[in-house]
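Novice: Quick one, what's the 3D model for this:
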Amino acid sequence: MSGRAARLVTATLMGAAFLAFFDRALLAPMITAAAKELRSPPEAIAHAVTVYVLTYALAQLPWAAVSGRFGQLRTLAVASGLAAAGAVLSACAWDAGSLTVARAVSGAALAAIVPTILVHIGDSMDLSRRAVAAVNLATALSLGMTAGSAAAASLAEWWTWRAAFASSAVIGAVVCLVFAWNGRGGGGAVVGFWRSVPYLVRNVWVWAVLVLAVVEGAVLVGVINFIPVALEADGVAVAVAGFALAAFGIAVVVWSVVVRALVRRLTPWVLLAVGGATAVVAFALLWGVRGVVTATVAVVLLGFAWACAHTQLQTWATDVMTGARPLGMALFALALFGGGVIGSALGADAVARGSYDGLFAAAGLISVAFAVGSALLRRVYRPVEQG
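Specialist: Just a heads-up that it's a prediction; the model follows:
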């Protein structure tokens with residue numbers, strides 16, 4: 001692969017990361033608008049969010065096997081193409097059921113993207129450089145989430161929610177074409193899928209990191225999507241509520257500059273503790289006094305928690321999974337978004353009951369468990385790879 005082609009692929013990897021969270025962020029701010037047009041109860045549309053996260057989680061392992069056999073770029077081409085198809089189906093949905101199926105297709109397709117990028121980071125960089133690379137990845141993902149939330153809120157308020165899914169289809173098609181044009185490639189030695197299983201099963205640190213990923217995913221992947229819905233229930237306009245969540249992505253991008261400096265000065269366990277504690281404060285604010293200003297402040301704090309704690313957890317996972325990264329990082333994503341399913345289920349229940357105080361209280365307690373557990377475990381962990 002020429003230098004120019006390599007640079008194009010590198011840029012497209014970040015574009016694919018952008019797409020993954022752009023698409024994921026679309027439906028939550030549009031639940032009310034979609035429910036009204038499709039003549040369905042809001043909780044039925046909210047379940048589509050849960051199904052999306054569920055299929056994203058369940059598709060991790062199949063994609064790990066596919067990428068090892070057919071190559072990373074071919075796999076990413078197929079995945080982004082399927083995601084584009086799912087977005088088209090979402091834009092054409094005629095009821096809650098068809099929307100749920102379409103969202104399931106997109107969720108399953110986009111499951112391939114982030115683990116593949118993490119494997120590339122783990123294979124091509126030493127441990128110290130991975131921490132910065134993980135922050136850069138978080139920036140691309142957060143830009144996608146910001147743009148997705150803002151686009152969804154704006155289009156649902158002033159035009160049609162269907163246009164938001166159409167925009168995701170366009171991005172997916174472009175990413176698909178670039179990856180398809182560049183053929184097999186992908187870097188890194190192929191690691192046997194089944195040969196990785198015994199190593200991962202016997203490694204107690206693998207289990208520890210996966211449990212922490214479930215806990216983190218419940219709040220930072222699942223519950224966070226229901227902040228706009230909670231604001232809408234209190235009478236806030238759809239567009240304003242959506243932009244409140246969009247502040248999360250903006251915050252991650254801004255905080256990433258700070259975190260890049262912090263990773264060179266603070267130890268990983270301290271960063272995990274600080275990030276987890278920040279999430280506790282954020283959900284305490286949402287539980288105590290809810291409003292646009294309070295929600296925006298809370299979301300900005302959650303952006304710091306993601307930029308600080310999540311990137312450290314990702315970096316830790318790339319070290320724990322050494323020698324079995326394709327399957328290991330797929331399991332990490334499965335755990336993270338499996339936790340997101342739990343958080344989304346809690347959110348859907350809150351939508352059905354029309355009460356969000358219990359949701360944010362539970363999220364705060366879960367965040368306490370993550371802050372304490374991750375910091376204590378990371379402090380005693382000894383890295384496999386130094387540097």
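
Novice: tally of neighbours for residue 182?
Specialist: Close neighbours of residue 182, defined as other CB atoms under 10 Å, add up to 19. Where C-beta positions appear, they are placed from N, C-alpha and C, glycine not excepted.

Novice: Kindly provide the distance from it to residue 347.
Specialist: Distance, residue 182 to residue 347, using CB to CB, to the nearest Å: 39 Å.

Novice: Would you mark the buried spots in the host helix or strand of residue 344?
Specialist: Taking DSSP states H and E as the definition, residue 344 sits inside helix 325-353. For helix 325-353, a neighbour-count test (16 or more other CB atoms under 10 Å) marks 325-348, 350-351 as buried.

Novice: Name the next helix or strand downstream of that helix, please.
Specialist: Next element after helix 325-353 (DSSP H and E): helix 357-380.

Novice: Quick one: distance of that next one to the chain centre.
Specialist: Relative to the centre of its chain, helix 357-380 is centred 18 Å away, using CA atoms, centre = their mean, to the nearest Å.

Novice: Show me what that helix is packed against.
Specialist: With contacts taken as 3 or more CB pairs under 8 Å, 6 or more residues apart in numbering; DSSP states H and E, helix 357-380 sits against helix 204-217, helix 268-288, helix 311-320, helix 325-353.

Novice: Send me that helix as CSV with only the CA atoms.
Specialist: Extracted in CSV, the C-alpha atoms of helix 357-380 (Å, rounded to 0.1, in the frame of the first residue of the first chain):
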residue,chain,number,x,y,z
ASP,A,357,-35.1,10.2,39.3
GLY,A,358,-34.6,6.5,40.0
LEU,A,359,-32.7,6.1,36.7
PHE,A,360,-30.2,8.7,37.6
ALA,A,361,-29.9,7.5,41.2
ALA,A,362,-29.1,4.0,39.9
ALA,A,363,-26.6,5.4,37.4
GLY,A,364,-24.8,7.3,40.2
LEU,A,365,-24.5,4.1,42.3
ILE,A,366,-23.2,2.2,39.4
SER,A,367,-20.6,4.9,38.8
VAL,A,368,-19.4,4.6,42.4
ALA,A,369,-18.8,0.9,41.8
PHE,A,370,-16.9,1.6,38.7
ALA,A,371,-14.7,4.3,40.2
VAL,A,372,-13.7,2.3,43.3
GLY,A,373,-13.4,-1.1,41.5
SER,A,374,-11.4,0.1,38.5
ALA,A,375,-9.0,2.2,40.5
LEU,A,376,-8.2,-0.6,43.0
LEU,A,377,-7.7,-3.3,40.4
ARG,A,378,-5.6,-1.1,38.1
ARG,A,379,-3.4,-0.1,40.9
VAL,A,380,-2.3,-3.8,41.6
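
Novice: chain center to stretch 10-23, what's the gap?
Specialist: Taking mean C-alpha positions (CA atoms, centre = their mean), stretch 10-23 and its chain are 12 Å apart.

Novice: Distance from the longest helix along the chain to the middle of the chain?
Specialist: In the chain, with assignment by DSSP state H, the single longest helix is helix 127-158. Centre-to-centre, helix 127-158 and its host chain are 9 Å apart (CA atoms, centre = their mean).

Novice: can you pull the buried residues of it?
Specialist: Residues of helix 127-158 classed as buried: 127, 130-135, 137-157 (neighbour count, 16+ other CB under 10 Å).

Novice: From the contact counts, what lies against that helix?
Specialist: helix 3-24, helix 31-38, helix 113-124, helix 162-181, helix 238-262, helix 311-320.

Novice: Let me have those helices in a markdown table, adding mean neighbour count as columns.
Specialist: Output for these, formatted as a markdown table (neighbours: other CB atoms under 10 Å):
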| stretch | mean neighbour count |
| --- | --- |
| helix 3-24 | 20 |
| helix 31-38 | 20 |
| helix 113-124 | 23 |
| helix 162-181 | 20 |
| helix 238-262 | 22 |
| helix 311-320 | 26 |
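
Novice: Could you export those helices to a markdown table, including columns for distance to residue 46?
Specialist: Shown next, in a markdown table, are the helices and strands packed on helix 127-158 (distance: least, CB to CB, whole Å):
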| stretch | distance to residue 46 |
| --- | --- |
| helix 3-24 | 15 |
| helix 31-38 | 6 |
| helix 113-124 | 24 |
| helix 162-181 | 17 |
| helix 238-262 | 14 |
| helix 311-320 | 27 |
